[in-house]
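**Q** my questions concern the predicted model and sequence given below.
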Amino acid sequence: MLKGNFFRGLGYLGEGFRLIRQPGLRLFVIIPLVINVLLFGLLFYFLAEMFAGLIAAAMGWLPDWAWLQALDWLFWLLYGAVILLMLAYGFVIVANLIGAPFYGYLAELTEKHLTGQEVTTEDSWAAIVKDIPRVLLREVQKILYYLPRALGLLIIGLIPVVNLVAAVLWFLFNSWMMALQYVDYPADNHKVSFKALRGLLGDTRLSAFGFGLPVALAAMVPVLNLVVVPAAVCGATAYWVRENGATRH
């Protein structure tokens, strides 16, 4: 039986957008935001032509059945949705690899704000530099978790008719990954292993999907996906404090 509260989970991203406006948190929102703007510009430039090529190639693999050809617009839409989801999370992976040290510290400051502790940024740069090896290793763990599952879904998505289910599975998987990606920052601050975190989120799976759903949607919207990352970090920290993280560790 699924536990948690889907609608409560939906509210955490909105709370994250409110939190990034707090004076003590703004600096560690602005710096990764600038990085994301530069990164997104480069990715958009290199992937714009690739996207059209991938769609054309996928359509070329369809068998020459009349009823399938009549539905070519639907398959184009489904393949486009799958690729867009891949690119959305691909952007998140690269952005988080670069910004991870800032996001871990942002999660720490956000948790202090939410729990009524003093928010101070003294020795912040030293703390960020010291944590770089650990947070990068954690990002690699998330990528290794993501890639084989994404590959399996991609293969399913290339099978005509079955890809109708694959598009839905992709969206659910991305929602789960977005929750896992961002709640990991406050969890890592508490030295909770990645495996243990998956169990914690599984205990409140409905809340996790509720949080990950709007993040996954926002990650697919140009410009909005630039600001959603720090907001998701703050929202995930609120999730950690109120759901099943800080209350159990």
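**A** Right, received. Where do you want to start?

**Q** just the helices in the chain please.
**A** Taking DSSP state H, the helices of the chain run over residues 6-19, 27-60, 66-70, 72-114, 124-157, 163-189, 194-203, 205-219, 224-242.

**Q** mean neighbour count and mean pLDDT for the ones you listed - can I get that in TSV?
**A** Just so you know, the C-beta spots here come from the backbone N, C-alpha and C atoms, and that holds for glycine as well. TSV is the format used below for the helices of the chain (neighbours: other Cβ atoms under 10 Å; pLDDT from 0 to 100):
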stretch	mean neighbour count	mean pLDDT
helix 6-19	19	94
helix 27-60	14	69
helix 66-70	9	53
helix 72-114	20	74
helix 124-157	15	83
helix 163-189	22	88
helix 194-203	16	92
helix 205-219	24	92
helix 224-242	25	90
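
**Q** quick one: Ala95 and Leu39 touch, right?
**A** Yes. Using Cβ atoms under 8 Å, Ala95 is in contact with Leu39, at 5.7 Å.

**Q** roughly how far apart are the spatially most central residue of the chain and Val129?
**A** Central residue of the chain (Cα atoms, centre = their mean): Met178, 3.1 Å from the mean position. For Met178, the distance to Val129 equals 27 Å [Cβ to Cβ, to the nearest Å].

**Q** equivalent analysis for Cys234, please.
**A** Counting by Cβ to Cβ, the gap from Cys234 to Val129 is 22 Å.

**Q** ok, Leu38 next?
**A** Relative to Val129, and taking Cβ to Cβ, Leu38 is found at 21 Å.

**Q** surely Ala231 meets Arg21?
**A** No. If you go by Cβ under 8 Å, Ala231 and Arg21 don't touch, sitting 9.8 Å apart.

**Q** mind listing residues that contact stretch 180-189?
**A** By Cβ atoms under 8 Å, 6 or more residues apart in numbering, the surrounding residues in contact with stretch 180-189 are 92, 96, 100, 103-104, 106-108, 110-111, 134-135, 138, 142, 145, 194, 196-198, 200-201, 208, 211-212, 215, 232-233, 235-237, 239-241, 245-246.

**Q** for Gly24, give me phi and psi.
**A** phi -70, psi -10 (degrees, to the nearest 10).

**Q** how many neighbours does Arg162 have?
**A** Arg isn't right for residue 162; it's Val. 11 (other Cβ atoms under 10 Å).

**Q** just give the nearest non-adjacent residue to it, would you?
**A** Sequence neighbours aside, Ile156 is the residue nearest to Val162 in space, at 5.9 Å (criterion: Cβ to Cβ, 6 or more residues apart in numbering).

**Q** how about Leu136?
**A** Ala100 (6.3 Å).
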